[in-house]
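K.L.:
got a predicted structure plus its sequence, pasted below:
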Amino acid sequence: MSNQQHIPVIAIDGPSASGKGTVAQLVAKKLGYHYLDSGALYRIVALAAKAQNISWQDGLSLADLASKLNISFKDGEIYLNEQNVSEEVRTEEMGKGASQVAVHPALRLELVSLQHSFRKAPGLVADGRDMATVIFPDANTKIYLTATAEVRAERRYKQLMSKGIHANLADILLDLQQRDARDQQRTVAPLQQAKDAILLETSDLSIEQAVRFVLDQSN
Ligand SMILES: Nc1ncnc2c1ncn2[C@@H]1O[C@H](COP(=O)(O)OP(=O)(O)OP(=O)(O)O)[C@@H](O)[C@H]1O
Ligand SMILES: Nc1ccn([C@H]2C[C@H](O)[C@@H](COP(=O)(O)O)O2)c(=O)n1
């Protein structure tokens with residue numbers, strides 16, 4: 001057993017805009033655990049690649065780039081080379097870019113040890129696409145959090161509007177479906193429910209109910 005394996009992990013995977021980030025952060029806060037937003041890592045790589053004119057299709061250059069990035073998280077903010085990039089990485093463009101860079105095995109491999117380093121006492125809540133299947137296969141609690149594409153599109157639409165970003169519901173639904181397909185169909189670490197994960201369908205649940213469900217499973 002490595003020296004980190006006794007530290008509990010709650011792994012929450014699921015498709016875009018299902019609410020996994022919101023639920024994972026609230027569960028982490030409630031338990032006093034650390035939080036890993038693994039999607040942010042792929043978003044940062046997409047952002048840095050764009051800034052350096054590296055193609056999102058060039059897996060080896062992306063892996064090399066990732067090995068040189070200085071990524072840190074502090075008080076819920078995301079820093080790249082000491083610069084706060086929280087807003088830039090959360091754009092729809094970087095969401096799509098992250099999904100594209102994430103298909104490359106070399107890049108995924110490069111990001112493994114960084115993700116493992118978040119496993120610190122007293123525990124970790126990690127959200128993403130392959131937390132339960134690849135990164136923390138020994139997680140104590142595994143949740144596959146989802147909702148219908150229509151409900152997720154509606155949630156994303158409201159989220160964007162609340163930030164004052166104009167959005168079109170039909171376009172959001174189409175983007176979500178394309179992103180789901182790419183994340184589910186890639187050859188390495190595709191988005192899927194781990195065999196030992198518990199399904200949490202949140203289409204008819206409030207955020208509070210979803211958080212309660214995860215806390216109950218982790219007791
Ligand atoms: N159960 C719920 N009921 C209603 N709204 C929800 C629920 N869960 C999350 N939301 C809202 O849906 C929006 C998307 O949630 P969130 O960003 O957590 O999703 P995500 O799965 O982490 O998305 P992404 O993978 O794209 O980062 C947020 O505005 C959040 O407040
Ligand atoms: N563990 C992960 C996390 C994220 N990705 C990719 C696929 C997603 O579409 C994209 C953005 O993630 P989000 O911030 O929306 O959670 O990043 C992945 O492949 N594996």
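P.N.:
That came through fine. Ligands and ions are numbered 1, 2, ... in the order given.
K.L.:
contacts, neighbours, all on C-alpha from now
P.N.:
Noted.
K.L.:
which stretches of this structure form helices?
P.N.:
Taking DSSP state H as the criterion, the chain carries its helices at 20-31, 38-51, 59-68, 86-89, 92-101, 105-110, 112-116, 149-162, 169-185, 207-217.
K.L.:
including distance to residue 123, could the ones you listed go into a markdown table?
P.N.:
Formatted as a markdown table, these follow (distance: least, CA to CA, whole Å):
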| stretch | distance to residue 123 |
| --- | --- |
| helix 20-31 | 8 |
| helix 38-51 | 16 |
| helix 59-68 | 26 |
| helix 86-89 | 24 |
| helix 92-101 | 26 |
| helix 105-110 | 23 |
| helix 112-116 | 12 |
| helix 149-162 | 29 |
| helix 169-185 | 27 |
| helix 207-217 | 13 |
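K.L.:
dump those to CSV, plus mean neighbour count.
P.N.:
Output for those, formatted as CSV (neighbours: other CA atoms under 10 Å):
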stretch, mean neighbour count
helix 20-31, 20
helix 38-51, 21
helix 59-68, 17
helix 86-89, 16
helix 92-101, 20
helix 105-110, 17
helix 112-116, 13
helix 149-162, 17
helix 169-185, 17
helix 207-217, 15
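K.L.:
neighbouring contacts of the worst-scoring helix or strand of the chain on mean pLDDT?
P.N.:
Within the chain, no helix or strand scores below strand 71-74, which has a mean of 92 by mean pLDDT, DSSP states H and E. Strand 71-74 has contacts (CA atoms under 8 Å, 6 or more residues apart in numbering) with 78, 79, 80, 81, 82.
K.L.:
which of those residues sits closest to residue 130?
P.N.:
Distance to residue 130 across the contacts of strand 71-74 (CA to CA) is lowest for residue 78, with 20.6 Å.
K.L.:
per-residue confidence for that closest one?
P.N.:
Confidence at residue 78, expressed as pLDDT, is 95.
K.L.:
quick check: beta-bridge partners of it?
P.N.:
Counting by DSSP bridges, residue 78 forms beta bridges with residue 73.
K.L.:
now render the helices of the chain as CSV, adding distance to residue 129 and mean pLDDT.
P.N.:
Shown next, in CSV, are the helices of the chain (distance: least, CA to CA, whole Å; pLDDT from 0 to 100):
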stretch, distance to residue 129, mean pLDDT
helix 20-31, 10, 98
helix 38-51, 8, 98
helix 59-68, 19, 98
helix 86-89, 17, 95
helix 92-101, 10, 96
helix 105-110, 12, 98
helix 112-116, 13, 97
helix 149-162, 16, 96
helix 169-185, 8, 96
helix 207-217, 17, 98
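K.L.:
so which of the ones you listed is nearest residue 193?
P.N.:
Closest of the helices of the chain to residue 193 is helix 169-185, at 10.2 Å (criterion: CA to CA).
K.L.:
now for that closest one, which elements pack on it?
P.N.:
helix 92-101, helix 149-162 (3 or more CA pairs under 8 Å, 6 or more residues apart in numbering; DSSP states H and E).
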